[in-house]
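Peer 1: what's the 3D shape of this:
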Amino acid sequence: MFDIDESPARVVATPAATAHLTSLAQRRGDLTVWLSEGGVRLLPGSHPPAGSVHLGRLDDRVAIAADAAAHTAWWRNRAHLDMTDGQGDTAGMTYALTSLSEDELYAAVAGGPLPRY
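Peer 2: Residues are numbered from 1 along each chain as shown. Down below sits the predicted model:
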């Protein structure tokens, strides 16, 4: 079995998105970036809707979760967060998915299902 350190990274963020989210968390407290097929939402605290899939963390104060009801196979993809402008909470924030590499996919399968909230 793979431990958490060997499992593939499910989320990466551009420097602008990371700086924006980190700054928001410092001003407001912990937050969750929630990804769904409809886009990106910021939720206060680190408790997204029950059943959400845990994708990772940007830092100690910013968790990333995904809509478990979506048709997206979150376990076999990596989410790339991007921020085209810094206006508002999520204005200009988007995400795109890319498939994990073959090695990462094997690590994902060996690591078991993604944790849920």
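Peer 1: then residue 103 would be within a helix, right?
Peer 2: Yes - according to DSSP: H, G, I helix; E, B strand; the rest coil, residue 103 belongs to a helix.
Peer 1: that one: neighbour count?
Peer 2: 9 (other C-beta atoms under 10 Å). Backbone N, C-alpha and C define where each C-beta goes, glycine included.
Peer 1: next SSE after the longest helix that the chain contains?
Peer 2: Longest helix of the chain, by residue count under DSSP state H: helix 15-28. Counting by DSSP states H and E, the next helix or strand C-terminal to helix 15-28 is strand 31-36.
Peer 1: partner strands of that next one, parallel or antiparallel?
Peer 2: strand 39-44 (antiparallel), strand 62-66 (parallel) (DSSP bridges).
Peer 1: contacts for that strand?
Peer 2: For strand 31-36, the external contacting residues (C-beta atoms under 8 Å, 6 or more residues apart in numbering) are 21, 24-25, 40-49, 52, 55, 58, 61-67, 70, 79, 81, 95.
Peer 1: give me the buried positions along stretch 8-18.
Peer 2: Buried residues in stretch 8-18, counted by 16 or more other C-beta atoms under 10 Å: 8, 10-13, 16-18.
Peer 1: tabulate the CA atom coordinates of that stretch in CSV.
Peer 2: Extracted C-alpha coordinates of stretch 8-18, given in CSV (Å, rounded to 0.1, in the frame of the first residue of the first chain):
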residue,chain,number,x,y,z
PRO,A,8,-0.4,11.6,-6.5
ALA,A,9,-1.1,15.3,-5.9
ARG,A,10,-4.8,15.9,-6.8
VAL,A,11,-4.6,19.7,-6.8
VAL,A,12,-2.1,22.2,-8.1
ALA,A,13,-2.6,26.0,-8.1
THR,A,14,-1.0,28.8,-10.0
PRO,A,15,1.0,31.3,-7.8
ALA,A,16,-1.8,33.9,-8.2
ALA,A,17,-4.5,31.5,-7.1
THR,A,18,-2.4,30.3,-4.2
